[in-house]
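In: below is the sequence, then the predicted model.
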Amino acid sequence: MPKQKKKLDPKTQFEYDGRIWTKRPSTEVFFEEMKEAKLLSPNAATKLKNIFLKEGWETFASFETKSKGDFEMLDGISQNMASKIAAHKLVIAAEGNPIRNFQDQLELNKGHKYLLTRVHDLNRHLNDGQGLGFRSGTLIEFYGKPQMGKTQWMYDLAIRVMLPKEKGGWDQSVIYFDTEGAYSVQKILKTGLYWGLTEEDFEKKLYYVSPRVLATGSDLLTHVENLDSMILENNVGLIIIDSIIQPFKNEFRGVSGDNLKFMGQRQNMLGQTLMRLKALAQSYKLIVCYTNQVIANIGGIGNQPKEIPVGGDTVGHASDLRFYLKKDKAEEKGIETRKMKLVDCGWLPAITATFCLTSFGVVDPSEAKAIENVQKEIDNRKPDDTSPILNHLGQEIPKSKYLKFMPELEIEYSMDEELAQVANEVVADS
């Protein structure tokens, strides 16, 4: 009886040279498949797998950006073996097709999704004026001074991704890396309920990584290297890092003067992290969004900006869309507004959009007053009033055992996450 051909799973596999290969495999699977294809002998495959695992490279992402020279430097790996690994690594990274013709390019573009925001001008300008919103497979950076709305944007995009498709969302999960301790579980929950999410949505779709395990750049890089299975198993559509630079600043403190030699190490590790995030975005057609801090532009003259984002060209060249957030001198109908300027994008001109920060997230100025009125209504409700609370769209805001609208109680996660969790439980039970 002829051997039955394996069925291809396009989500996790691809076909190349008459064989089926795993996309972004674990290190064990990477060498097992090389052995099955007779690219390595059984002994060599086992030996190389153990060398990689000893180095801490457990997934394809952990050695994806390594060169042939990096492999040769490992004890026990010959030039010939290093060449074979490097060549096969490129096959896996390109999913068997490193040089794509025009039809292949169109096929790749078919799988992209687009995420609309509540800021109408922004939607209209994105993707050459097609009004489609943010595209999957991209890295998006928001930078600016504190209190400009960077973290609020992270909440808003997370909510948009988790929303059901019938409400304009992707119905996918989110992984939130909180490197600064600014994350508020109550704030994102309150905002999400307002726009149509349920407790169950949050319980199933929102994953949080606390500052406790993100103290250094090395910590963040390790997490990023091991995200593949998490993304696949939980249908992740968005990865958030708030902020990208903080763990690297923690690890490489005082990079100046005699310590300037460590700047190269910091930038190299930062670059590797961003490259791997970009690979994840492109491979799984998800969005990676991160915030960034600013420093004074001491050497700036003339029309140059007074502050610039941290991280230099390493961060600047990584993002596909780079937004600068700042206060708006003007106000619209008595509502304080913010400006967001697209300062760098490979396919769009510089654009500027106006938005507002409200009790229920980032919105277009045209909606801000109506949302403010909803908040006033909530604030003025009597304790014994059990009638439904409606948002400004006339939709009922579901109640939550985790959140009390009156009085509004917010407990921000800090470095001591366990204490914050205890406090949240007290609020939920009260």
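Out: Structure's in. What do you need? Residues are numbered from 1 along each chain as shown.

In: residue contacts, Asn292?
Out: Contact partners of Asn292, counting by CB atoms under 8 Å, 6 or more residues apart in numbering, are 141-143, 243-245, 309-311, 315. Placement of C-beta: from N, CA and C, glycine included.

In: next one: Glu28
Out: 49, 53.

In: three-state assignment of it?
Out: With DSSP: H, G, I helix; E, B strand; the rest coil as the basis, Glu28 sits in helix.

In: look at it and report its pLDDT.
Out: Looking at Glu28, its pLDDT is 95.

In: and it, how far from Lys49?
Out: As for Glu28, its distance to Lys49 is 6 Å (criterion: CB to CB, to the nearest Å).

In: before we move on, what about Gly316?
Out: Gly316 is 37 Å from Lys49, by CB to CB.

In: show me which of these two is the more surrounded one.
Out: More crowded of Gly316 and Lys49, by other CB atoms under 10 Å: Lys49, with 21 against 16.

In: in what helix or strand does that one lie?
Out: In this assignment (DSSP states H and E), Lys49 forms part of helix 42-54.

In: and that helix, how far out from the chain's middle?
Out: Relative to its chain's centre, helix 42-54 lies at 32 Å (CA atoms, centre = their mean, to the nearest Å).

In: hmm, back to that, would you mind checking the contacts of Asn292 for buried ones?
Out: With burial judged by 16 or more other CB atoms under 10 Å, the buried subset of these is 141-143, 243-245, 309-311, 315.

In: quick one: which of those residues sit in helices?
Out: Members of the buried ones among the contacts of Asn292 lying in helices (criterion: DSSP state H): Val315.

In: so which of the buried ones among the contacts of Asn292 is the closest to Leu280?
Out: Set against Leu280, the nearest of the buried ones among the contacts of Asn292 by CB to CB is Ile244 (14.2 Å).

In: for Gly316, see how far away the closest one is.
Out: Taken as CB to CB, the span from Ile244 to Gly316 is 12 Å.

In: cool, Asp219 as well?
Out: Distance of Asp219 to Gly316, computed by CB to CB: 23 Å.

In: could you list the buried residues of the lengthiest helix in the chain?
Out: Ranked by number of residues, the top helix in the chain under DSSP H is helix 262-284. If you call a residue buried by 16+ other CB under 10 Å, then helix 262-284 has these buried ones: 266-267, 269-281, 283-284.

In: any idea of the mean pLDDT in it?
Out: Throughout helix 262-284, pLDDT has a mean value of 88.

In: numbering from 14 from now on, please.
Out: Yep, numbering from 14; the last one is helix 275-297 now.

In: with only the CA atoms kept, save that helix in PDB.
Out: Provided in PDB are the C-alpha atoms of helix 275-297 (Å, rounded to 0.1, in the frame of the first residue of the first chain):
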ATOM      1  CA  PHE A 275      28.300  49.500  26.300                       C
ATOM      2  CA  MET A 276      26.200  51.500  23.900                       C
ATOM      3  CA  GLY A 277      26.900  49.100  21.100                       C
ATOM      4  CA  GLN A 278      25.800  46.200  23.200                       C
ATOM      5  CA  ARG A 279      22.600  47.900  24.200                       C
ATOM      6  CA  GLN A 280      21.700  48.900  20.600                       C
ATOM      7  CA  ASN A 281      22.600  45.400  19.300                       C
ATOM      8  CA  MET A 282      20.200  43.800  21.800                       C
ATOM      9  CA  LEU A 283      17.500  46.400  21.100                       C
ATOM     10  CA  GLY A 284      17.900  45.800  17.400                       C
ATOM     11  CA  GLN A 285      17.600  42.000  17.800                       C
ATOM     12  CA  THR A 286      14.400  42.400  19.800                       C
ATOM     13  CA  LEU A 287      12.900  44.700  17.200                       C
ATOM     14  CA  MET A 288      13.900  42.400  14.300                       C
ATOM     15  CA  ARG A 289      12.300  39.500  16.000                       C
ATOM     16  CA  LEU A 290       9.100  41.500  16.700                       C
ATOM     17  CA  LYS A 291       9.000  42.400  13.000                       C
ATOM     18  CA  ALA A 292       9.500  38.800  12.000                       C
ATOM     19  CA  LEU A 293       6.500  37.800  14.200                       C
ATOM     20  CA  ALA A 294       4.400  40.600  12.800                       C
ATOM     21  CA  GLN A 295       5.000  39.500   9.200                       C
ATOM     22  CA  SER A 296       4.900  35.700   9.800                       C
ATOM     23  CA  TYR A 297       1.600  35.800  11.800                       C
END
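
In: centroid residue for this protein?
Out: What sits nearest the mean C-alpha location of the chain, by CA atoms, centre = their mean, is Ile252, with 2.5 Å.

In: picking that back up, can you list contacts of the longest helix of the chain?
Out: Here helix 275-297 has contacts from 36-37, 74, 77-78, 106, 149-152, 230-231, 233-234, 237-238, 240-241, 244-245, 249, 252, 254, 257-258, 261, 264-265, 268, 299-301, 303, 324-325, 327-328, 331, using CB under 8 Å, 6+ apart.

In: also stretch 202-209?
Out: Contacts of stretch 202-209 (CB under 8 Å, 6+ apart): 168-169, 171-172, 175-177, 180, 214-215, 372-374, 404, 408, 410-411, 413, 415-416, 418, 421.

In: now the buried members of these.
Out: Buried, going by 16+ other CB under 10 Å: 168-169, 171-172, 175-176, 214-215, 372-374, 404, 410-411, 413, 415-416, 418, out of these.

In: now, which of those residues lie within helices?
Out: Mapping the buried ones among the contacts of stretch 202-209 onto helices (DSSP H) picks out 168-169, 171-172, 175, 214-215.

In: hang on, the earlier thing: out of the buried ones among the contacts of Asn305, who's nearest His138?
Out: Phe155 (15.9 Å).

In: which ones are touching the closest one?
Out: 163, 166-167, 302-305, 336, 338, 353.
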